[in-house]
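Q: Provided below for reference: sequence and predicted model.
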Amino acid sequence: MENVLKIFIILPIIAFLISLILPKKNETLIARNTQFAVIGHFLLSIGFTVYWAFHGAEVINLKEFSIYKSTDYDFFIDFYFDYITLTFLILGSFITSIITIFSSNYLHREEGYKRFFSTLLVFYVGYNIIIFSGNIETLFVGWEVLGISSFLLISFYRDRYIPVKNALKVFSIYRIGDVGIILVMWLSHHLWNENISFFKLNNAHLVHEHINSNSLVGLGIAMMIFISAAAKSAQLPFSSWLPRAMEGPTPSSAVFYGSLSVHIGAFLLLRTEPFWKFQIGFRVFLFLIGLLTSIYATLVGRVQSSIKSQIAYASMSQIGIIFMEIALGWNTFALVHIVGNACLRSYQLLISPSVVSYRIREQFYEFVPRLKTIEDTWPKRVEYTIYILSLKEWNLDFAHYFFLWKPLKSMGQNWKMMRFKFIFVLVGLSLIFGITTLFFGSHIHPLFKSAFPAFFAMVGFMIVIKAFTERDSVRKSWSLIMLNHISIAIAISFSEHFSWLHHVWYLSGIIVSWSIGLITINRLRKTEWVSLNQFSGLGQKHPKTAIVFFLCSLGLSGFPITPSFIGEDLIFSHIEYDQVGLAFFTSLSLIVNGLASIRIYSRIFLGPNSKLIRGAARRSA
Amino acid sequence: MENSDQEISSILTKIKRYLPNQAPLKDFVFLNTLACFQDRKFHQAMHEASSIFGVRTYYTIEDFRRLFKEGQIKSEILEKVLSNRNLNIEEWNKILFEHIFASDAPARIGRLRKNWKERYKIDIDSTVHPTLFRIIGSYLDQGISIWNFPGIQNGFLNSLREMERTSLSSFFNDERAKDLLLSGASLEDLLKIVVGTPEHYEQYLFDQQFAHPGWSGIVAIIEANPKTLLDTREITLEDLICLELLLEIDTLDQVYGSVWAPIGISYETKSKGVIEPIGDNTESITLSIFQEAYEWSYYEEVLNGILKREKFPEEHPSIPSFQGVFCIDDRECSIRRQLEKQDANCETYGTPGHFNVEFYFQPNNSKFYTKVCPAPITPKFIIQEKNDKKRERKDFHFSKFSLGLLSGFIMSFVYGFFSAFKMLFTIFRPMQSATFVTSMNHMDPSSTLTVLNENNAVTPEGLQIGFTVDEMATRLYDLLMSIGLNDHFASLVYFVGHGSSSSNNPYYTTMDCGACSCKPGSVNARVISWIANHPPVREKLRERGLHIPDSTQFIGALHDTGRDEIAYYIDVALTVENLEKHKEVTQTFNKALMLNAKERSRRFFSIDTSKSAEKIHKQVKFRTVSLFETRPELDHATATLCIVGRRDLTRGLFLDRRAFLNSYNYQLDSDGKFLQGILNAASPVCGGINLNYYFSKVDNQNFGAGTKLAHNVIGLYGVSNGIDGDLRFGLPKQMIELHDPLRLLMIVEHFPEVVLNTIKVNPCTYEWYENNWIHLVVFHPEEHRFYRFNEGQFSHLELTELEIPVIADLTAVIEKTDKNLPVYILK
């Protein structure tokens, strides 16, 4: 019976694959395919729940298969089922079923009908992988899939400027969360000396013992979990992306940012509870963040004059409370709260267009010029100050730009000396240098030896910053991302357990993606003007090229479609605790190279077509 | 100083003129989107608008070439257009079909401000727009936000000043912009800082405001008519521009400190004005030729059809079984045909759906009143509804209580699970819920209306409550004479207004009666029936020679064009015979409505048109309550014709719901007095609808609202995409899909010289025809030929001989296709 778990994952994957080959024009077939999978999934989950409940309701752990295995390293896929999975399963399949039925009519004649349903299925695959995951590695696969499907749905109206801009913004926040999970994997690998399954974490004694002996690592893990959870659930300090994600068709906003996607952070916390359960300090911190977020979101929500952002903030404030509940250990209560909040906000978003007729009618009969609110009783100075701050979302969106992206940009633009040729020579030299040191390693002073990895990782980081800030040449930027991966590989080569095979895993997918991407760009350049200076919107004219290049971008940033994905994890397994510099630059590199490659894709293929003057959407539209 | 003040204010006036003219959602009316260009000839206007604003004003050349291939543009008509213009056919055929046109030249709008990015390397809009939209959006908010914009009493900039002065936080990052605001710097002061050179002010302001025409447009509308918001606000376009300039100064200060060169200094002018005539080019001529060929390909079909239709006997021998007076609306075109098919002895008429009674309507217990007559009219009357009923459906999902911190907490536990069930219901058993809007609720049938003015009663605002008998008689007389219903009254005459129903639809008002300012026509139908039943009024009419027999009774009704349902308003005690008769007529109506639903359903993807009419009728009703139905009905899509004449002109002709039909008997109106009234109302209403669709179709991104699916309601007055976007105006993509962008063809049955004199009386009406925004053709009632109006005169129109298919079974045709159908003659 445990094998049924696999069906929950496989069913949406199959539906997704089928959706790819369905004819674009046949709306009925596209909708039926999705509905069949998702509603089937829902019925199956009800059936399974009943069976499970009558058979003792015990936690199920299913070690599926190892993708890569060596003596001290085992990357395996693992599935898990308990009451948390159950709650999210029923909730997710219920809401997604409703949305698929709703959308089949709602999206009638919309350009991108097929794209919408395929992306919805990608989302659903990711969601299920996450909730069924039995270890952090499996969870990470789902986590990345969810992030990408989110990007695709926000930029659904890709011929307009703002959706694409906001999709990139949201993706960048998600990317921080992704790296949080990579670091959890890294730290936890060192903590347990294995890729531990969630099942084993239930052994409180074992966990307690390990964490106690490594309290700093324990705290590190907890913080990384927090960053990932907060990024996905729009908690402080990442909150401002949530309202900006409301760019796709209303049903997709309802399913993503009203309900399922936005509660996944809470799921992560519940799932990894054993990691942080015994760290009182962390729990206090979590509680406070939840409290602050709920107050923040309430204040900002109160001044919103658009219905979708208002609902987004209402949802966010409840998730803040849910974080508090989780911090207190009231897990069951939190789960009930999650379900209630998700259903309420989904429905509110779905009927949000009705607010005009409803409220106008209400006012027509019951109009009171200005309703007094609690704020009117505050002193004017306080009232105005808080009002202005709330209207500006307490500068949070600006702060993201100011503290995260602006430094990267100015760094990249200031390194004038780092010309492409210079970098190429630099990487070439380090390659030679690296190989030489590997062979004559024993003659080098240990002090240098310990400094090399961090140094190369830093060079790699500088390279990827350059790639991210390149404004002109697509090919340069694209190749710099690849060079960044090579620098990281060199940096890792100094590790004691270094193995060439790991590099093959790591770089194989990268090199292939890079070359195919380069070929694609070269071919495109024959007929089109390709530049990074603005959005070119070539996706409509070259849809197939766009898809190929999109896959390459994912491959180049280590998305789980190539072996490089495992390679990334392997690379991290070579970084020791004390190599903070190496870990720091490597993880920063990963964040930025993901952004850089998706940015290249967006600039070439998304946005309004730059050649179109008459009839193109205005930038502000 | 004074001079430049005047100059700036004249620039503002100019900008306001060219900004979108669409009111807040609740007050939506159909207007010519480019009314600002209406003083120019149509093609000239299209070319100018396109070059100045960078918008599309026709289909693209590729579209036209495709239409030619598909036969929608007929080659013989195209040749005719070319030869009418004295163009070489061979040479132009090459240009039309083979020439590759250079890519678009940049628009005039935006050429100065693009230098922020090109020279100053600063993306100024990306920082200014979100803050600006948010501040204005919150200030104007009508009831989305919970915490209102503080201190709105003193006008927009004053309330900002008040806040900035007291608050510890600020909308600005640097002191300079804040100080400028507080010190009350004038628009000119700010322009001096940002632009520097007065000769560029106009270009700069146009660039700046047309980067977000939606917001600027709504501010200009509210400035001109503050009452369009229930919760009124004081704001001017100048306020908005001042704030925008301040935010721009702040952004530039952030990057460059307080010392930077104004943008105008380094800008070399090529031409000074923004709105200036532009000469034609090959591309614009090509487009105009294609457009005309496209239009006449359809028009000639219609005109051929009128000539070739089966002729009915000129004089009706007997008294009809009943008479129905409908709105001219294109959607009533098919219900009239269906009725006539069900009961060959009945007679139908068309007239603008306010039925010549213009007034405000105030529902019982309401705090406001709404105008129910064509938009250009300002009524002096008000009709109040009296009863003791409340009609409201509450739904906690819209309550602000669900959004608070603690209340939201409680709600997500208490109601969260309830929402899950609600969601299930919306999918499987949609019902009339709080998301549903129906025209049937516009007025309560059991209420009484203050139709008769008593003791000269007026409201405090000075509106007269109800009409006096004289006022009633004039209106009824003019109405009946204008539609040619002056004798042979049936014993039952129905005045049928119309409205619609939909769910989850911010554009709910667009589907109601255009002649009632996009409100349902139920009150008007009821009022005019009341008037016609009122004995003193009949007495007055008799004095003027119009005899309504005592046995004749009038009944008001409302046709719901979305659900194909009808409600009757009977304010008179029906005689026994008439009561019997009414029952029969009800049967006829019900059958016609069902068949009408079937005919409409051919356009609906979710309905199989070959099913029985009963089944389809149910599904059609289902669509209006369904939350996920973005097209409960198709509104005015495809409306292209307006025919003013006797019903015999079009009876037996299948026009596929594309015609506004106005009944009119030229014999009763030799001097064109009634015709003048008809054209004064029909030209702006039908022309407005037609052109609103036209522009939303040819450029849905710039003149239309784009897809509905991404819309986010802002402050109850507008929609935008996402949260930081410009307000979207125009019609959404879902409404215009089926529309063919053709100008309106007005066909009038009368003598050309009478029509010519008539249209010239009112300059506003004449402008529509003089500048070709509406095509005008006259059907000569004696010669039985058509005359076309062009360049100020009528000339005989040579029709191309076209085959008009005769069909016996319409059902078979409508079951086959969902595309626009050609003109048919019905057997």
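A: Okay, I see it. Numbers count the residues shown, from 1 in each chain, chains lettered A, B, ... in the order given.

Q: and stretch A:386-396, is it in reach of chain B?
A: Yes. Stretch A:386-396 is in contact with chain B by Cβ under 8 Å from any Cβ of the partner chain, via A:387-392. The way it works is simple: take the backbone N, C-alpha and C, and place the C-beta from them, glycine included.

Q: got a list of contacts for that stretch?
A: A:236-237, A:239-240, A:296, A:299-300, A:302-303, A:375, A:378, A:398, B:131, B:134-135, B:138, B:147, B:149-150, B:163, B:167, B:169-171 (Cβ atoms under 8 Å, 6 or more residues apart in numbering or on different chains).

Q: Pull out the buried residues from those residues.
A: Taking 16 or more other Cβ atoms under 10 Å in any protein chain shown as the criterion, what is buried in the contacts of stretch A:386-396 is A:236-237, A:239-240, A:296, A:299-300, A:302-303, A:375, A:398, B:131, B:134-135, B:138, B:147, B:149-150, B:163, B:167, B:169-171.

Q: now, which of those lie within helices?
A: A:296, A:299-300, A:302-303, A:398, B:131, B:134-135, B:138, B:163 (DSSP state H).

Q: export these to a markdown table and tack on distance to residue A:217 and pLDDT?
A: Below are those laid out as a markdown table (distance: Cβ to Cβ, whole Å; pLDDT from 0 to 100):
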| residue | distance to residue A:217 | pLDDT |
| --- | --- | --- |
| A:296 | 31 | 96 |
| A:299 | 37 | 94 |
| A:300 | 36 | 95 |
| A:302 | 41 | 93 |
| A:303 | 42 | 94 |
| A:398 | 34 | 83 |
| B:131 | 43 | 94 |
| B:134 | 44 | 94 |
| B:135 | 48 | 95 |
| B:138 | 47 | 94 |
| B:163 | 49 | 91 |
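
Q: So which of the residues of stretch A:386-396 next to chain B is the closest to residue A:348?
A: Nearest to residue A:348 among the residues of stretch A:386-396 next to chain B is residue A:390, at 20.7 Å by Cβ to Cβ.

Q: Next one: that closest one, what pLDDT does it get?
A: Looking at residue A:390, its pLDDT reads 93.

Q: Could you report the distance from it to residue B:354?
A: 46 Å (Cβ to Cβ, to the nearest Å).

Q: Looking at the two, which is more packed in?
A: Legend: neighbour count by other Cβ atoms under 10 Å in any protein chain shown for residue A:390 and residue B:354, higher for residue B:354 (31 against 22).

Q: contacting residues for the residue nearest to the more buried one when sequence neighbours are not counted?
A: Nearest non-adjacent residue to residue B:354, counting by Cβ to Cβ, 6 or more residues apart in numbering or on different chains: residue B:373, 4.3 Å away. Counting by Cβ under 8 Å, 6+ apart, residue B:373 touches B:354, B:357-359, B:379, B:515-517, B:524.

Q: how about 10 Å then?
A: Residues in contact with residue B:373 (Cβ atoms under 10 Å, 6 or more residues apart in numbering or on different chains) are B:352-361, B:379, B:381, B:513, B:515-517, B:519, B:521, B:524, B:681.

Q: Which of the residues you listed fall within strands?
A: Within those, residues falling in strands by DSSP state E are B:360-361, B:381.

Q: Sort out which one of those residues lies nearest residue B:111 for me.
A: Of all these, residue B:111 sits closest to residue B:360, with 45.9 Å by Cβ to Cβ.

Q: can I assume the closest one is in contact with residue B:462?
A: No. With contact defined as Cβ atoms under 10 Å, residue B:360 and residue B:462 do not form a contacting pair (11.6 Å).

Q: Helices of the stretch 451-600 of chain A, start to end?
A: Along the stretch 451-600 of chain A, the stretches classed as helices by DSSP state H, counting those that start in this stretch are A:474-493, A:500-527, A:543-556, A:564-573, A:580-605.

Q: no wait, the stretch 1-150 of chain A
A: Counting by DSSP H, counting those that start in this stretch, the stretch 1-150 of chain A has helices at residues A:4-21, A:27-54, A:83-106, A:113-132, A:136-154.

Q: And the fourth one, how far out from the chain middle?
A: Read that as helix A:113-132. Between the centre of helix A:113-132 and the centre of its chain there are 14 Å (Cα atoms, centre = their mean, to the nearest Å).

Q: What strand or helix carries the residue nearest to residue A:227 when sequence neighbours are not counted?
A: Distance criterion Cβ to Cβ, 6+ apart; nearest residue to residue A:227, sequence neighbours excluded, is residue A:180 at 3.9 Å. Element membership of residue A:180, judged by DSSP states H and E, is helix A:161-192.

Q: between that helix and helix A:580-605, what angle do the directions make?
A: For helix A:161-192 against helix A:580-605, the angle by axes from the mean of the first three to the mean of the last three Cα atoms, to 10 degrees is 150 degrees.

Q: Residue B:523 contacts residue B:361, correct?
A: Yes. Counting by Cβ under 10 Å, residue B:361 is a contact partner of residue B:523 at 4.9 Å.

Q: where does the stretch 301-450 of chain B dip in pLDDT?
A: B:312-317, B:388-393 (pLDDT under 70).

Q: Oops, could you answer that again for chain B instead?
A: In chain B, residues with pLDDT under 70: B:1-3, B:270-272, B:312-317, B:388-393.

Q: Find the nearest non-adjacent residue to the residue of it at minimum distance from chain A, please.
A: Proximity to chain A, evaluated over chain B using Cβ to the nearest Cβ, is greatest for residue B:416 at 2.5 Å. Take residue B:416 and drop its neighbours on the chain: the residue closest to it by Cβ to Cβ, 6+ apart is residue A:340, 2.5 Å away.

Q: Need the CA coordinates for stretch B:737-752. CSV is fine.
A: C-alpha atoms of stretch B:737-752 as CSV (Å, rounded to 0.1, in the frame of the first residue of the first chain):
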residue,chain,number,x,y,z
GLU,B,737,-13.4,39.4,-29.7
LEU,B,738,-16.3,39.0,-32.1
HIS,B,739,-16.5,42.5,-33.2
ASP,B,740,-15.6,43.6,-36.7
PRO,B,741,-14.1,47.1,-36.6
LEU,B,742,-16.4,48.8,-39.1
ARG,B,743,-17.9,52.3,-38.7
LEU,B,744,-21.6,52.6,-38.1
LEU,B,745,-23.8,52.8,-41.2
MET,B,746,-26.8,54.9,-40.6
ILE,B,747,-29.7,54.2,-43.1
VAL,B,748,-32.6,56.7,-43.0
GLU,B,749,-35.8,56.3,-45.0
HIS,B,750,-36.7,59.8,-46.2
PHE,B,751,-36.0,62.2,-49.0
PRO,B,752,-32.3,63.2,-49.2
